[in-house]
Structure formats: C-alpha cells, structure tokens
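[1] Here's a sequence, model it:
(2 chains)
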Amino acid sequence: MNYHWNWGIFFEPNPMGTGTYLDLLLSGLVVTLKTAVLAWIIALIFGSIVGVMRTLPSKAASWFGFCWVEFFRNMPLLVQLFLWFFVLPELLPKAAGLWLKQLPNAPFWTAAIGIGFFMSARVAVQLQAGISSLPRGQKMAATALGLTTVQGYRYVLLPMAFRIILPPLTSEFLNTIKNTAVAITIGLIELTGEARSMQEFSFQVFEAFTAATILYLLVNAVVVTAMRYLERYVAIPGYITGK
Amino acid sequence: MKHFRSIGLALAATFAVSQAGAEELTGTLKNIKDTGAITLGFRDSSIPFSYLDDNQKPVGFAMDICYKIVDAVKKELKLDKLEVKLNPVTSATRIPLMANGTIDLECGSTTNNTERQKQVAFTNTHFLTASRYVFKKSSGLKSIDDLKGKTVVSTAGTTNIKQLTEANVEKKLGANIIPAKDHAEAFLMVETDRAVAFVMDDILLASLVAGSKTPSDYVISKDAFSKPEPYGIMLRKDDAPFKKVVDAATAALYTSGEGQKIYDKWFMSKIPPKGLNLNTPISDQLKHEFAKPSDSPIPDDYK
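    I've put the predicted structure just below:
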C-alpha cells in the first residue's frame, strides 16, 4: 500500500485555527459526550414511564406504551433524525417551523431528543421484561400490605426490576453513545464528524479514524467500569440479582 | 546520474516510443501493463466534473480529461487494448482506495493543496474555483458585511468553512456558522431558511442552483472569501514515471485548445441528465492556466 503514515499529525495545528488536530477530535468528543448523556437521561425518564405503563392493568396505558415502543423502535434511527430535523419543521405552521429551524444548536437538541426517544423504546422494553420477570406474588403482596399501585411500583416492583435489568441497561447506554455518530447526518459535528473533517483537511484518513476508534473505546471502557461499580453498589444479598 | 537521466528524458521526448520499451517499468505503469487495465475513481454527484448520468454511467468534465489520459497511457505502453475500470469513490474513500491501489486516477473535483500533497500527487490543474456564497434573492444581501449576525452554513471539513471562520473573526461579523455534512444538506438549509447563506466553491454553488426547484430565486455573491483554488486529477505520490505521462497528456490537452472545447461542453451547454446549463464562461485565470499548465497547489501562482 502506498500510504504515508504520519502519526505526528495529531500535534500539527488544524486549519480551523483552534489548536491541533487532537484538539479538533477532543472537541468532537465533548459534543459526543454531551449528546449521549442528555439522550440517556431522556431515554431513562421516558423509557421508565413507558415501561411501567406497559405493565399497568389499565388498557389505555398499556396501549399507549405499545404504540410508543413500536413507533420508536421500528424506524431506523437515521430516518428518525432526518424526520425530526428536516420534515417536522415543514409540517408546523410557518412561524413555529421557522423558530424551530433557527434555534441555536438545533442539530444538538434534535440529536439528543431524537436519540433519547429512540433509546427510550428499548429501555421501556427492558423494564417491562424486568417487571414481568418478578413473581406475580410480589405485586399481590404489595397490595395486601395496603400499598397503592404507585407505592407498589415505587417500593416493591421497580427497585427489584431495575436491579435485574442493570446489565442490559449498560449495553443500552453504550448503544446510546455509539448512536450519537448518526447525528452527523443532521450536521452535528461530534467525534465521527470531526474525524471526517480531519480526513478532509489533511487526507490522513487512517490516523483520524484510528484516533476516533480509540476515543470511543476509552469512553465505553469508563462506562462499563462505572456500571460494574454501580451494580455492585446496589446489589442486595438474597435478591435474585444479589450474590 | 542526474545528467544521464536528463539526457534520457530528452531522448524520451524525441523517441517516446522506443524509450518506453527500453526502460524498466515501475509503479502504476507496470501495473497497468501487467493487468491490461486502468481504474478510474469517479464521484456520483460532483456535477459537472464527475457524476452519474441517467444510464448510471459516470460522465463529466474530469471524466473526459481522464479518458484523454487513458489514451496517452495506452499509447505510451503501446497497448492494443486497455480496459478502463470504473470505481465509485466518495470524499471519505478516495484516499484509502488510491493508497491501496484500487484506483489509479481520481477524476473529480478535488482541491489541490500543500497539505494534501503530503499524501497524494496531482496533475495539471483543470479548474479554478473561489469561495463565494449563495443566498436567496429575497434576503437582500449585498456584500460579505451583510452576513453580520446571520446564520451561515458551509460544509464540514472543507477549506471553505475554514475561510468563512477566518473571515468571521477578521471582519468581526459575529455570524453563527453551522457546519453541514454535505453540499446538498447545506443548500437545503438555505432553501428551508435555516441559514441565509451557504459558503462554497462557486462552481458547486452554480450547479446546486441550476439543479434546484427555482434557480431564479438564488444569487451567487460577487464577493469571494478566497483566491481561486486549483482542482486537479489525483494520482499516487512518488510515482514519477506515471505522473510524467499524465502531466504530458493533460498539458497537451489544455494547450491544444481541446481543453477549452471540453470546458465549453460541460460548462456552457446543456448537460445530462436533466439538460441543465451551468452558463459559466471560462475565467481569465483558467484560460491563462490552460495556456501554461501547472500543478501548483498555491493559489497565488494562478494569475
């Protein structure tokens, strides 16, 4: 292969005048992390609500939960982001659409919310599975103690279910981080976007993407380690998930 | 040794045919001779340089130039038949595919600059383009200063966004610069009023406008953010014998007036697939460059 490797490229100044090429990639990493964290918060909040709704006795609630999950998980993420970013503002009244389009940082908010909703469907399914895996007697015992449905979920079902689904939630969080790469399609210049910029400026394509790969691996290693600690921290001896 | 080589070069000019057989072939030329095939990298939507027509066949200004180079290579190697393979490339894949030998020439709209010359080589410049901006007639912009405080879009990873960023600081415009992932998306942002202007190579703007729903709604600025920058056909670095053949072929093409003819075919008349006419007469700089071909990456060299 006739390729000129230049690992020193990361310490050469980038043409944007914002420091070195490494700075360019790190600024992309910051955008990736911000997007992933916000998306994950949204995914946890909406995923928990929808997941609980799917297990409620109310027909309307479980029907709503069903629609939410099927809507967000059956469309490719790429298509969803495109819809929210380009199509939605055109469907709104002109003034509202224009406001939405000229919002500062529109790609960031669209990406965080879009990825958050997409991942919420997955979190909801996990949580629903976690709750259904509990023995039916748990719910009945809660009722027998005189707890209302809300209290039953709050004090009995959810603490157990969340502990059970913690390991799969770790993978969902990792997926959320990786999925932020899709946001370049709506103009969010995150880590993958900056790696592409670096490649366009310098033509050092392999170095750029090697660095991006390493940064993604590092971030994911941190997440995995943190989640292991969390799992150990919340484990209760004697529970299904405890040792 | 050096003298010997320059004598060799002089001989090559006079007895090009006998010389080719005598010299041991290396690099791309050897590869082409051994396989009987040359591979051209083309872009699918770099109108009018290299793009797909309605038969999904790559055509364009740069493609025509590449076919002329292929003829010259065929003559140089005294081949009866030279198979031309076509391989699609994008801005992300053109370097890896060039480096690993998949493509021998990249026929598109790639800017030739010093930074990129560390990685690849370019033959004589086939086009010069300056950074300008497109806006809607209705927005009433007049000069670069009118962009003050407005939202302006450009494509991420291009020299254009770099120049825009610099101008923003230098002229204290306070413009909100947003990067788009590609030209089509950036233009869509102006079309849907997300941004008032899109900064890009003027020729790409001309083709985006010509292909839009209502071309008459858009204006391309007179003001430029940069000196005209050269586009070149890309080839592998450190392959002097091949570059020599390619340079000779393009120089002959441009100085003979045939370059101008090919130019007029793609920029001054209707082109497939939709019969658009870009109506972009040849610039004085490019005319000058065609008279004296050069592969310089420095904008100041083109007057």
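
[2] CA only for contacts and neighbour counts going forward, please
    Fine.

[3] just for chain B, where's the confidence low?
    Applying pLDDT under 70 to chain B flags residues B:1-23.

[4] Neighbours of the residue of it at minimum distance from chain A, how many?
    Going by Cα to the nearest Cα, chain A is nearest to B:Gly157 of chain B, at 3.7 Å. Applying other Cα atoms under 10 Å in any protein chain shown, we find 25 residues neighbouring B:Gly157.

[5] With the one 3 residues further on instead?
    B:Asn160 has 22 neighbours, counted by other Cα under 10 Å.

[6] residue contacts, it?
    When contacts are counted by Cα atoms under 8 Å, 6 or more residues apart in numbering or on different chains, B:Asn160 touches B:Ser131, B:Ser154, B:Val199, B:Met200, B:Asp201.

[7] I figured A:Leu26 hits A:Thr192, correct?
    No: using Cα atoms under 8 Å, A:Leu26 and A:Thr192 do not qualify as a contacting pair, with a distance of 10.8 Å.

[8] out of these two, which sits in the more crowded spot?
    A:Thr192 (25 against 19).

[9] quick one: contacts for the nearest residue to that one once chain neighbours are set aside?
    Closest residue in space to A:Thr192, ignoring its immediate chain neighbours: A:Ala181 at 5.9 Å, by Cα to Cα, 6 or more residues apart in numbering or on different chains. Contacts for A:Ala181 (Cα under 8 Å, 6+ apart) come out as A:Thr32, A:Glu190, A:Leu191, A:Thr192, A:Gly193.

[10] still on that earlier bit, the closest residue to the residue of chain B closest to chain A other than its chain neighbours: neighbouring residues, count only.
    Counting by Cα to Cα, 6+ apart, A:Ser197 is the residue found nearest to B:Gly157 once chain neighbours are left out, at 3.7 Å. When neighbours are counted by other Cα under 10 Å, A:Ser197 registers 26.

[11] quick one, helices of the chain?
    Unless you meant another one, I'm taking chain A. A:21-53, A:59-73, A:77-82, A:88-91, A:94-101, A:106-132, A:136-144, A:149-152, A:158-164, A:166-179, A:191-202, A:205-234 (DSSP state H).

[12] that's the wrong chain, I meant chain B
    Using DSSP H, helices in chain B cover B:2-14, B:16-22, B:27-35, B:61-76, B:94-99, B:114-117, B:159-170, B:183-191, B:202-210, B:240-255, B:258-267, B:284-291.

[13] The stretch 51-200 of chain B against chain A: which residues are in contact?
    Residues of the stretch 51-200 of chain B lying near chain A by Cα under 8 Å from any Cα of the partner chain: B:91-92, B:95-96, B:98-101, B:115-116, B:118-119, B:156-159, B:162, B:165-166, B:178-181, B:193-195.

[14] Pull out the buried residues from those.
    The neighbour-count test (16 or more other Cα atoms under 10 Å in any protein chain shown) marks B:95-96, B:98-99, B:101, B:116, B:118-119, B:156-159, B:162, B:165-166, B:178-181, B:193-195 as buried among those.

[15] Return the residues of chain A in contact with chain B.
    Counting by Cα under 8 Å from any Cα, the residues of chain A near chain B are A:1-4, A:15-16, A:98, A:101-102, A:184-189, A:193-194, A:196-205.

[16] Narrow those to just the buried residues.
    A:3, A:15-16, A:98, A:101, A:184-189, A:193-194, A:196-205.

[17] pLDDT score assigned to the residue sitting nearest the centre point of chain A?
    Against the mean C-alpha coordinate of chain A, by Cα atoms, centre = their mean, the closest residue is A:Thr176 at 3.0 Å. Per-residue pLDDT puts A:Thr176 at 97.

[18] Am I right that it is in contact with A:Ile115?
    Yes: using Cα under 8 Å, A:Thr176 is in contact with A:Ile115, at 7.2 Å.

[19] Can you get me a residue count around A:Met75?
    For A:Met75, using other Cα under 10 Å, the count is 11.

[20] typo on my end, it should be A:Thr18
    With other Cα under 10 Å as criterion, A:Thr18 counts 11.

[21] Contact partners for it?
    A:Leu24.

[22] so how far is A:Ser27 from it?
    10 Å (Cα to Cα, to the nearest Å).

[23] Residue in chain A with the shortest distance to chain B?
    Counting by Cα to the nearest Cα, chain A gets nearest chain B through A:Ser197, at 3.7 Å.

[24] And that residue, how close does it get to A:Gln204?
    On the measure of Cα to Cα, A:Ser197 and A:Gln204 end up 10 Å apart.

[25] go on, A:Ala124?
    Distance, A:Ala124 to A:Gln204, using Cα to Cα: 42 Å.

[26] same check, this time on B:Lys78
    Taking Cα to Cα, one finds B:Lys78 at 36 Å from A:Gln204.

[27] And for residue 61, nearest residue in space, chain neighbours not counted?
    You didn't say which chain, so I picked chain A. Closest residue to A:Ala61 apart from its sequence neighbours, by Cα to Cα, 6+ apart: A:Met53 at 5.2 Å.

[28] let's do chain B instead
    Nearest to B:Phe61 is B:Phe49, by Cα to Cα, 6+ apart, at 4.5 Å.

[29] roughly how far apart are the one you found and B:Ile69?
    15 Å.

[30] the more surrounded of these two?
    A side-by-side neighbour count of B:Phe49 and B:Ile69, using other Cα under 10 Å, places B:Phe49 first with 27 against 20.

[31] Make sure the more buried one is actually in contact with B:Pro58.
    No: B:Phe49 lies out of contact with B:Pro58 (Cα under 8 Å); the separation is 9.7 Å.

[32] How about the contacts made by the residue nearest the centre of chain B?
    Centroid-nearest residue in chain B, with Cα atoms, centre = their mean: B:Ser109, separated by 2.7 Å. Neighbour list for B:Ser109: B:Ser46, B:Phe49, B:Ser50, B:Ala62, B:Tyr231, B:Gly232, B:Ile233 [criterion: Cα under 8 Å, 6+ apart].

[33] need the contact list for the fourth one.
    This means B:Ala62. B:Phe49, B:Ser50, B:Cys107, B:Gly108, B:Ser109, B:His126, B:Ile233.

[34] what about the fourth one, neighbour count?
    It stands for B:Gly108. For B:Gly108, using other Cα under 10 Å, the count is 30.

[35] Surely it and B:Ser45 touch.
    No: using Cα under 8 Å as the test, B:Gly108 is too far from B:Ser45 to be in contact (9.4 Å).

[36] For residue 111, which non-adjacent residue is closest in space?
    Looking at chain A here, since you left the chain open. Nearest non-adjacent residue to A:Ala111 (Cα to Cα, 6+ apart): A:Ala183, at 5.8 Å.

[37] hmm, I had chain B in mind actually
    Here the residue nearest B:Thr111, using Cα to Cα, 6+ apart, is B:Tyr231, at 4.4 Å.
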